[in-house]
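Q: Sharing a sequence plus its predicted fold:
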Amino acid sequence: MKNKKRRAGKFRLIHLIVIFLVIYVAVVFNHQRKLLSNIDSKRETMEIQIEDLEKDIDALNNEIAMGGTLEFIEKVARDKLGMVKPREIIYIDVNKPREPLFYIFNKDK
């Protein structure tokens, strides 16, 4: 009779340990799933940023390639430096928001 009670007590202890291990494994898997989804979302945002930066690099490379032409020099002189040709009339739209003359040094643009 005492043998059966000891086995029953040990049997219950083993069940408790197994249940604890199952719960622990479930919690660890859930935590890892959340970490993986977080990493995947960060990876997607980084890929989008990489694509944007590659487009910017291509645009800058095109600008460098066009840098020696007279059209490019004239465009820069007109757009960024505000220069005009002789006897040219400039019309200013008062409804359009003004940009600073030298916005080259602004970090936002």
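A: Cool, the structure landed. Residues are numbered from 1 along each chain as shown.

Q: quick one: I23 and I39, what's the gap?
A: 25 Å (C-beta to C-beta, to the nearest Å). Heads up, the C-betas are built off the backbone N, CA and C, glycines and all.

Q: Return the distance of T45 relative to L35.
A: In this structure, T45 lies at 16 Å from L35, with C-beta to C-beta as the measure.

Q: what's the burial count for K75?
A: K75: 13 surrounding residues under other C-beta atoms under 10 Å.

Q: Which element, helix or strand, includes it?
A: helix 70-79 (DSSP states H and E).

Q: ok, and what's touching that helix?
A: For helix 70-79, the external contacting residues (C-beta atoms under 8 Å, 6 or more residues apart in numbering) are E63, M66, M83, V84.

Q: Which of those sits closest to K96?
A: Distance ranking of the contacts of helix 70-79 against K96, using C-beta to C-beta, places V84 first at 17.4 Å.

Q: Apart from its chain neighbours, what residue comes closest to the closest one?
A: For V84, the nearest residue in space outside its immediate sequence neighbours is I90; the separation is 5.8 Å by C-beta to C-beta, 6 or more residues apart in numbering.

Q: For the one you found, give me the backbone phi and psi.
A: Phi and psi for I90, reported as degrees, to the nearest 10, are phi -110, psi 130.

Q: Can you tell me how far it is from F72?
A: Noted for I90: a distance of 21 Å to F72, by C-beta to C-beta.

Q: quick one: which of these two has more around it?
A: More neighbours surround F72 than the other of I90 and F72, with 14 against 7 (other C-beta under 10 Å).

Q: just to revisit the earlier point, now find how far off-centre the helix holding K75 is within its chain.
A: The offset between the C-alpha centroid of helix 70-79 and the centroid of the whole chain comes to 33 Å, using C-alpha atoms, centre = their mean, to the nearest Å.

Q: Please convert the contacts of helix 70-79 to a markdown table, extending it with pLDDT, neighbour count and secondary structure.
A: Formatted as a markdown table, these follow (pLDDT from 0 to 100; neighbours: other C-beta atoms under 10 Å; DSSP: H, G, I helix; E, B strand; the rest coil):
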| residue | pLDDT | neighbour count | secondary structure |
| --- | --- | --- | --- |
| E63 | 82 | 12 | helix |
| M66 | 82 | 12 | helix |
| M83 | 85 | 11 | coil |
| V84 | 84 | 10 | coil |
